[in-house]
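Colleague: Here you go, sequence then predicted model.
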Amino acid sequence: MSTLVFDDVTVQYGHTTAVDGVSLTVPAGQVVGLVGESGSGKSTLARAAVGLAPMQGGRILLDGAPVPTRGRNRPLQMVFQDPYSSLDPRMSIGESVAEAMPRGASRAERRAEVERLLELVHLDPARAGVRPSEMSGGQRQRVALARALAGRPAVVIADEITSALDVSIQGAVLNLVRELQRELGLSMLFISHNLAVVRYVATHVAVMHHGRIVEEGPTAQVLATPDHDYTRELLAAVPGTKPQTGTPR
Amino acid sequence: MRRWKGVLRTPLGLAATALTIGVLVLAVVAPILWTDEANAVDTSDILAGPSADHWAGTDNLGRDIFYRTLVATRLSVELALSATIIAVVAGLVLGTAAFLLGRRSGRLVSAGINIAVAFPGILLALFFAVIFGVGATGAVFAIGLAGAPGFGRLVQTLVAGIGSRDFVAAARVAGVGRVRILFRHVLPNISEPLVVNATISAGSALLAFAGLSFLGLGVQQPRYDWGRLLMDGISSIYVNPAAALAPGTAVLVAGLAFNLFGESVAKALGVGVVGGIPALPRVPAAPEAEEVAAEVHHQHDDVVLDVRDLEVTFPGPRGPIRPVRGITFAVRRGEAVGIVGESGSGKSLTALAVSRLVGDPGRVDASRLELLGTDLRASDSRAQRRLLGTSLSMVFQDPMTSFNPTLRMGGQLAEVARHHQGMDKKAALERAVDRLRSVRITEPQHRAHQYPHEFSGGMRQRAMIGMGLMGSPALIVADEPTTALDVTVQQQVLDLLAAIREAEDVALVLISHDVTVVGEVCDRVLVMYAGKIVEDLPAGDLATEARHPYTRALVAAVPDMDTDLDEPLAVIPGRPVDPADVPLGCAYAARCPLATDRCRAEQPPLETDAAGRRVACWHAGEPIDVEIRDREDVYEEVEAS
């Protein structure tokens, strides 16, 4: 279990500041939900953590040391939003998963590990040779999860992993995320614009607005007694809160 | 590989392939078979015209030009291919440099490529020919390097496209090095267009070579290629035209072969071969009981939209595919009807069919399709277009692509009124401003003069709705109008639709995959599965009174602000039905916890109850054992596939 700390992180694209001095802690073995609308900077923050976005200021620390964003050993892994674009269409799912494994294992060891990982995400290990095009969106997202776990990460960042999926599949992926997190004791940053989903998965929640974190705290507390106007606005916008029960999309 | 075989399916592709293979075979065998004939000097018979012995005559040493042309195939093709290989390799190095070197150095390389592309190829070739000296080697490098910038540009564009995909990002996050990413992920995914372009450029290289040799800059004596033969032949063209025509024809045929082969491959890989739609056996025969009931139900109401047995069909590789398989519903004035279903359920196609927007090669059939009593099945007429233009308004998912980015918003809205209602420019613009105000866009006067990109996503979607209100619509069809929007903006758009419906007594058909959105806005909900309506019920009954197992599963699958955090979420096992492969009985049977043998064999009819609710299920309303479902979902998708 590891603690991930964002310390005064700033990311700029040209003259636009996407992330503006954000400090956030993902405690060891906990799930922190990061909510906000598109353009609020939540995905940019995630990409900065894994070295896909350049930082102009601040530090990102894992157990007190800077997160390595070069080289083979990456304790921080990410699952992307769109399972249709995050898997190489030319590679079998087994190859995609194996690619993310630490080097040095023998062929047999790698195959065994791929099978173990596919089993872990409830996919039939016998289908390791299948191409992504033969799978549904939900199944692809499971492969993406398996690939993220293949690097034996200490922390996993999940960036809107259910928003490209049909509601009927979303539930299965969320169940899997909760199960994996508990079994493996992962620390997790779970990004979503869907408050009902974050409420279901995360113990802590941080609300991002215009590149800044405007509110954070335990999920139950933030959702029950929001302090910031924007959090209240988000809560009011959850459809179905009035006549029926429901969730935003 | 199967897609490559598609090349052979068109006559042109077949001919081009045969021709290309012919040229290549000739290049291999001709020098083996005919070198002696080609080099046989016969000083007694120089510069002769075509004869039975020498089909294309002889040259100034009495050698047979026809055989020489055949033998020259190898050198010509060899040189062209070598030049192409140089162009491809240099292009790959240049084009991938930007990806490998990172942002700053990459930019320098791109600038270099851009400048090189601007030079005419022949100029570069002449330049290199001077540097490398006159001769075959020099010419190969000249033509190869002259082709490199163009190829480099192509590679660069393709690499940039693949490089921005998430799977490349994922590989980088996994710690895979850039070079390895390039060879494992990027190059395989761009190989097809590269191969096609390389083939076409081989044809061009062949022509360029003939040109250089003809100018005397290419192959030198005693070796000869087609260009060289052409040069020799041209000098005696008045004595023996065949001496120039034979190599000229060879250049033409080989060049055409490579180019056409490349084009055919491109076509086969890019566009699938689609035949016409054969006449279908139409299934809807006897009017069912529910239809009669529906008839009675609709008759005395103020029906805006009346749809019976609507079907949408597309041609597929293995016979026609029917994503919408006979649906019947009606919308009354001021009523809001929601259509929910998973992707592929046919809900969006239903909306498009109603608006007559299903384009070729799709086909729409219905026993009735009426908007305000006017038959929409009749062929396209001015009156019908006008009715659709003023009485029906469509709102699409992506508001950015619904507007023309080069025109001002006010003008785009005004066009509707000018076209359909014959308003003059000023009055139409005034109405546009008024409509923008009515969809709560602040400073509508100012905003009307702005372009679509100056609007935010939510504003564009509201402007789209405003555009639909330029006439006096009786029906708004909104297809996933809020899916691309943020939660807070989504709420504003939904509120706006509700307000308009109330103020103007407009009927609304709202299509969404999210049952909660539909439940909040609509009076009545149609649940679609595999191209059929499986349940039709009042929105207020969704949470508690739904009878179809699919509807109940959809409602349960969505977490809300009261979901029990200790329980796993309900899931729908399996995957949606492929429209190309619809099972015999109830389409939902494979995923349904209540399914019996009857469900798998016999399709349940859509039956109407006393309250006007409809459901198509043999086990409607039966209790579902939650325990069993939760255990099954552990391997849910695995089993289904």
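Modeller: It's in. Residues are numbered from 1 along each chain as shown, chains lettered A, B, ... in the order given.
Colleague: Distance check, the residue of chain B at minimum distance from chain A against B:Trp55.
Modeller: Of all residues in chain B, B:Thr516 sits closest to chain A, at 2.7 Å by Cβ to the nearest Cβ. C-beta here means a position set from N, CA and C on the backbone, and glycine is covered the same way. Per Cβ to Cβ, to the nearest Å, B:Thr516 is found 81 Å from B:Trp55.
Colleague: neighbour count winner among those two?
Modeller: Shown here are B:Thr516 and B:Trp55; by other Cβ atoms under 10 Å in any protein chain shown, B:Thr516 has more neighbours (28 against 14).
Colleague: Look up which helix or strand the more buried one falls in, please.
Modeller: helix B:515-521 (DSSP states H and E).
Colleague: Show me how far that helix is from its chain's centre.
Modeller: 31 Å (Cα atoms, centre = their mean, to the nearest Å).
Colleague: now check the biggest helix by length in chain B, is it near chain A?
Modeller: If you go by DSSP state H, chain B has its longest helix at helix B:65-101. No. If you take Cβ under 8 Å from any Cβ of the partner chain as the test, helix B:65-101 misses chain A, and the best it gets is 14.6 Å.
Colleague: Show me what secondary structure element comes after that helix.
Modeller: helix B:103-118.
Colleague: Run the angle between that next one and helix B:65-101 for me.
Modeller: Using axes from the mean of the first three to the mean of the last three Cα atoms, to 10 degrees, the inter-axis angle of helix B:103-118 relative to helix B:65-101 is 150 degrees.
Colleague: circling back: give me the sheet partners of the next helix or strand after the helix holding B:Thr516 and which way each runs.
Modeller: Once helix B:515-521 ends, the next helix or strand along the chain (criterion: DSSP H and E) is strand B:524-529. Paired with strand B:524-529 in the same sheet, following DSSP bridges, are strand B:336-340 (parallel), strand B:532-538 (antiparallel).
Colleague: Now tell me what touches the last one from outside.
Modeller: Put plainly, it is strand B:532-538. B:325-329, B:346, B:523-528, B:545-548, B:550-551, B:587-588, B:606, B:613-617 (Cβ atoms under 8 Å, 6 or more residues apart in numbering or on different chains).
Colleague: which ones among those residues are found in strands?
Modeller: Judged by DSSP state E, strands contain the following of the contacts of strand B:532-538: B:325-329, B:524-528, B:614-615.
Colleague: Which pair of these spans the longest distance?
Modeller: Largest separation among those by Cβ to Cβ: B:Arg325 and B:Arg524, giving 20.9 Å.
Colleague: sorry, back to before: got TSV for the ones in strands among the contacts of strand B:532-538, with pLDDT and neighbour count too?
Modeller: Below are these laid out as TSV (pLDDT from 0 to 100; neighbours: other Cβ atoms under 10 Å in any protein chain shown):
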residue	pLDDT	neighbour count
B:Arg325	91	22
B:Gly326	91	19
B:Ile327	92	24
B:Thr328	93	24
B:Phe329	93	22
B:Arg524	94	21
B:Val525	94	25
B:Leu526	95	24
B:Val527	94	29
B:Met528	94	23
B:Arg614	93	24
B:Val615	93	22
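Colleague: for B:Glu370, what are its contacts?
Modeller: B:303, B:305-307, B:376.
Colleague: what's the answer for B:Glu342, then?
Modeller: Contacts of B:Glu342 by Cβ under 8 Å, 6+ apart are A:166-168, B:513, B:529, B:576.
Colleague: make it 7 Å
Modeller: Residues in contact with B:Glu342 (Cβ atoms under 7 Å, 6 or more residues apart in numbering or on different chains) are A:166, A:168, B:513, B:576.
Colleague: Could you do B:Ser345 as well?
Modeller: B:528-531, B:576.
Colleague: one more time with 6 Å, if that's ok
Modeller: When contacts are counted by Cβ atoms under 6 Å, 6 or more residues apart in numbering or on different chains, B:Ser345 touches B:528-529.
Colleague: pLDDT value on it, please?
Modeller: If you check B:Ser345, the pLDDT there is 87.
Colleague: name the element A:Gly21 belongs to?
Modeller: Assigned by DSSP H and E, A:Gly21 falls within strand A:16-26.
Colleague: With just CA atoms, put stretch A:98-109 into PDB.
Modeller: The C-alpha trace of stretch A:98-109 is given here as PDB (Å, rounded to 0.1, in the frame of the first residue of the first chain):
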ATOM      1  CA  ALA A  98       1.800  -9.100 -21.100                       C
ATOM      2  CA  GLU A  99       3.400  -6.000 -22.500                       C
ATOM      3  CA  ALA A 100       2.800  -4.100 -19.300                       C
ATOM      4  CA  MET A 101       4.500  -6.800 -17.100                       C
ATOM      5  CA  PRO A 102       7.900  -6.300 -15.500                       C
ATOM      6  CA  ARG A 103      10.700  -7.700 -17.700                       C
ATOM      7  CA  GLY A 104      12.700 -10.700 -16.900                       C
ATOM      8  CA  ALA A 105      10.000 -13.400 -16.600                       C
ATOM      9  CA  SER A 106      10.200 -16.500 -18.800                       C
ATOM     10  CA  ARG A 107       7.600 -17.200 -21.500                       C
ATOM     11  CA  ALA A 108       5.800 -19.700 -19.300                       C
ATOM     12  CA  GLU A 109       5.800 -17.400 -16.400                       C
END
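Colleague: and the most centrally placed residue in chain A, what are its phi and psi?
Modeller: Residue closest to the average C-alpha location in chain A (Cα atoms, centre = their mean): A:Ala158, at 0.8 Å. A:Ala158 adopts backbone torsions of phi -110, psi 110, taken as degrees, to the nearest 10.
Colleague: picking that back up, any idea which of the contacts of B:Glu342 is the one closest to B:Thr20?
Modeller: Among the contacts of B:Glu342, B:Pro576 lies closest to B:Thr20 (Cβ to Cβ), at 43.4 Å.
Colleague: Looks to me like A:Thr69 is in a helix.
Modeller: No. According to DSSP: H, G, I helix; E, B strand; the rest coil, A:Thr69 belongs to no helix; its state is coil.
Colleague: Excluding sequence neighbours, find me the nearest residue to it.
Modeller: Once flanking residues are discounted, A:Thr69 sits nearest to A:Gly51: 2.8 Å by Cβ to Cβ, 6 or more residues apart in numbering or on different chains.
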